[in-house]
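Using only what follows, build the 3D model:
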Amino acid sequence: MKTCLHNKYLLIGGIALAVCLPASAGLKTGDSFPDLAKFKLDGKLPDSLTGKIVIIDFWASWCGPCKESFPVMNELQKKYADKGLVIIAVNEDEDVSDMKDFLKDNSAVFTVVRDNGQKLAPVAGIQTMPSSFMLDETGKVKFVHTGFHGSETRKQYTEEIESLIKK
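Have a look, this model is predicted:
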């Protein structure tokens, strides 16, 4: 009887917890992306993102697909910078030297910052590397990407950027 009563309270507590927590944590399409300045990221952020199309890409040095994504991000930044695209790569390595070593072999023509202490990633709901959010000119999440799948992801990014430019 004691066990059944105990399990009853666990069940009630679990239901209460499930009701109080959102079904899935993290940012979704339509959400406003949080102000990056509030997270005290290591590195220099652009002065203003207002009116820009922004890709915020979470990555880590140990992530193979992240390494594959860097040339594509460089290409997109070069191609669309004059149309208002800003790419911000947010590094999630615990050790800054891992990030620096990665960047020696994988140059970036876009902004790279480090989420020292991993404060931004949990707010965004990052579970896979790389993960990225494409924001419209008002800072709302328009597209979410998990993982990097070569030419397929490159094509999606291009189509999404084009759709936001034409608005």
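
Show me the shaky parts of the protein.
Applying pLDDT under 70 to the chain flags the ranges 1-25, 167.

Pull the contacting residues for the most centrally placed residue in the chain.
The residue lying closest to the centre of the chain (Cα atoms, centre = their mean) is S132, at 3.8 Å. S132 sits next to 55-58, 144-145 when contact means Cβ atoms under 8 Å, 6 or more residues apart in numbering. Where C-beta positions appear, they are placed from N, C-alpha and C, glycine not excepted.

Kindly recompute the last result at 7 Å.
Shown in contact with S132 (Cβ atoms under 7 Å, 6 or more residues apart in numbering): 55-58, 145.

Not counting residues beside it along the chain, what's closest to it?
Spatial nearest neighbour of S132, excluding adjacent residues (Cβ to Cβ, 6 or more residues apart in numbering): D57 at 4.1 Å.

How many neighbouring residues does the one you found have?
Applying other Cβ atoms under 10 Å, we find 24 other residues in the vicinity of D57.

Could you tell me whether it really is in a helix?
No. When classified by DSSP: H, G, I helix; E, B strand; the rest coil, D57 is found to be strand rather than part of a helix.

shouldn't it be in contact with F133?
No. Taking Cβ atoms under 7 Å as the definition, D57 is not a contact partner of F133, at 8.1 Å.

follow-up on the earlier one: now the contacts of S132 as JSON lines including distance to Y157?
Formatted as JSON lines, those follow (distance: Cβ to Cβ, whole Å):
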{"residue": "I55", "distance to Y157": "7"}
{"residue": "I56", "distance to Y157": "13"}
{"residue": "D57", "distance to Y157": "10"}
{"residue": "F58", "distance to Y157": "15"}
{"residue": "H145", "distance to Y157": "8"}
